[in-house]
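1. I'd like to go over a predicted model; first the sequence, then the structure.
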Amino acid sequence: MLGFQSGCRDRVRGRELPVRLDPLARGKLLLHTNASPFLKDGRFSMPHHLAVREHFLAALLESPEDAILSVSLDGAIDTWSQGAERIYGYTAQEITGQPVSRLVPLHEWPGLNSIFSEAAGSTGSGCSEATERLHKDGSRICLRVKRVFIRDEQGNVTGFLEGARVLHSCTDPLGETPLRLIIQQMPGLYWTTDQDLRITSHWGKDLASAKILPDALVGRGVAEFLACIDRDTTPLVEHYEALRGFPSQFEYRWRNRVLDIRLEPLCTPSGAISGCLGSAMDITDRKKNEEQAHFQARHDALTGLANYRAFMDRLEEEVRRAERSHRTFTVLLLDLDGLKRINDLHGHLAGNRALQRLAAVMNEHCRSTDLAVRYGGDEFALVMIDSDKGMAEQVAYRIENGLQSDQGKPPVSVSIGFAIYPEDGRTAAELIEAADRQLYQYKRTEHRRTAPPRHKPSTPKEPLFETKERTPPAAP
């Protein structure tokens, strides 16, 4: 096929594609521009000085064995042989002038684009490969393709000539059946895109669990697939970065699942970036386990409140924030009165219920932005951001009254002290120490429960702020 010595007589889209072998071109096909052909009955009629070799080329083009076609640099099919008609199912009238991409599955488009890139750069001289093409009825054909660039007398590439022969082992042309079975059963979801971020192929075991049919995503945009329309946000921005050669890894919530996505540039054999290669692993269960472990590490198992570690981290954070914003916040320390006596008289289960009752009252009377803490034994704390003395007194009074009105047995009470930033301290340690001093001073007060509440401010007509009830998790 590649030893053409003369112009060809064939069906084309209105112009001749004469080629000749220049002895100085070292085997490269050259476009002969001096010929003056004309189209007759759908075939080229050649000048008399080319007619001697025309019969050889005509016989080759009319051979039913090989599909021979030529493609111009704009991607349009110029020449179409009888063998091409037999193999692909299109007549010359149907396909001539149509884009060659009609014959190429989407997952092969990056390779097709690389061919045109090489042609535009006048690099390379052709290749031979096994590949897939599309029949007119939509089925896939496995072919052995040989391709050579067509050059004019100045050496400029004007297109390429392709010959293809059907591989009899079409179901497994390259021994790929085991590989295909493996990649279809690989855990996760994988996809490739072109430079316009259209999906050209996808595979993986998670297709079934995501209810994605084979080839259902092919031709669709990544934005549609991952439900993201803003190119400046995840995951689109990472795809555009991959097109620039920068890989990435990130987590993304998709269809109520959490995906660990990795993106890499998809490169041609010459190293040019032709698209993206993406993989996604479903890590929803792992994230739930991690979040549960993180919650347990920073919360009290009995009451569901934050523990001492979370308390100190939040307190240090609020000190830094208040320094920057010049705002105040308050820290309340609470002590459940008589816990040892409850344990001795009623048992430790009753003592545990008493601790849970105090935790429930604290949750009921603090804001969602506040942090309620049990940091050891019968000791509790509350960090109230953007608050002052009046708000701290109001919350303390509500917690005390909430326990007094609680119908649980045995009855319980609480002692409360508080400190205000920066009035009572500018560090976490200073604030805790100031609140602790006030708490134990209040504990020493006699007949506290029969006296008017120490923390009750002047009764407002409306609450100082809205409260939000938060239910602690059940005890393990």
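-> Right, received. Where do you want to start?

2. okay, CA-based contacts and neighbour counts for the rest of this
-> Noted.

3. Strands of the stretch 1-150 of the chain, start to end?
-> 19-21, 29-31, 38-40, 43-45, 67-72, 77-80, 126-134, 140-152 (DSSP state E, counting those that start in this stretch).

4. typo on my end, the stretch 201-350 of the chain
-> Under DSSP E, counting those that start in this stretch, the stretch 201-350 of the chain gives strands at 248-254, 257-267, 273-282, 329-336.

5. Identify, out of those, the most deeply packed stretch.
-> strand 329-336 (a mean of 24; mean count of other C-alpha atoms under 10 Å).

6. could I get the strands of the stretch 201-350 of the chain as a markdown table with mean pLDDT and distance to Val218?
-> Formatted as a markdown table, those follow (pLDDT from 0 to 100; distance: least, C-alpha to C-alpha, whole Å):
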| stretch | mean pLDDT | distance to Val218 |
| --- | --- | --- |
| strand 248-254 | 95 | 19 |
| strand 257-267 | 94 | 16 |
| strand 273-282 | 94 | 14 |
| strand 329-336 | 95 | 56 |
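
7. out of the ones you listed, nearest to Gln394?
-> Taking C-alpha to C-alpha, strand 329-336 is the member of the strands of the stretch 201-350 of the chain nearest to Gln394, at 11.6 Å.

8. so what strands line up beside that closest one?
-> strand 379-384 (antiparallel), strand 414-421 (antiparallel) (DSSP bridges).

9. Run the chain-centre distance for it.
-> 44 Å (C-alpha atoms, centre = their mean, to the nearest Å).

10. CA atoms only: put that strand into PDB for me.
-> Taking C-alpha atoms only, strand 329-336 is exported to PDB below (Å, rounded to 0.1, in the frame of the first residue of the first chain):
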ATOM      1  CA  PHE A 329     -16.100  35.800  75.700                       C
ATOM      2  CA  THR A 330     -16.800  34.000  78.900                       C
ATOM      3  CA  VAL A 331     -15.900  30.600  80.500                       C
ATOM      4  CA  LEU A 332     -18.200  28.900  83.000                       C
ATOM      5  CA  LEU A 333     -17.000  26.100  85.300                       C
ATOM      6  CA  LEU A 334     -19.700  23.900  86.800                       C
ATOM      7  CA  ASP A 335     -19.500  21.300  89.600                       C
ATOM      8  CA  LEU A 336     -22.300  18.800  90.200                       C
END
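
11. now what about that strand, what contacts it?
-> 318, 322, 355, 358, 378-389, 392, 396, 412-421, 431-432, 435-436, 439 (C-alpha atoms under 8 Å, 6 or more residues apart in numbering).

12. repeat that with 6 Å
-> 378-387, 414-421 (C-alpha atoms under 6 Å, 6 or more residues apart in numbering).

13. which of those are buried?
-> Listed as buried from these are 378-385, 387, 414-421; burial here means 16 or more other C-alpha atoms under 10 Å.

14. pLDDT score for Leu134?
-> We have a pLDDT of 88 for Leu134.

15. Hmm, Leu143 and it touching each other?
-> No - judged on C-alpha atoms under 6 Å, Leu134 makes no contact with Leu143 at a distance of 10.3 Å.

16. higher neighbour count, the two?
-> Leu143 (22 against 19; other C-alpha atoms under 10 Å).

17. Surely that one touches Leu167?
-> Yes - with contact defined as C-alpha under 6 Å, Leu143 counts as touching Leu167 (5.3 Å).

18. where do the contact lists of those two overlap?
-> Joint contacts of Leu143 and Leu167 (C-alpha under 6 Å, 6+ apart) do not exist.

19. who wins for proximity to Glu85 among the strands of the stretch 201-350 of the chain?
-> strand 273-282 (30.2 Å).

20. between that closest one and strand 257-267, how big is the angle?
-> Angle of strand 273-282 versus strand 257-267, following axes from the mean of the first three to the mean of the last three C-alpha atoms, to 10 degrees, is 160 degrees.

21. which regions of the stretch 101-250 of the chain sit below the pLDDT cut-off?
-> Along the stretch 101-250 of the chain, segments meeting pLDDT under 70 span 120-126, 168-181, 183.
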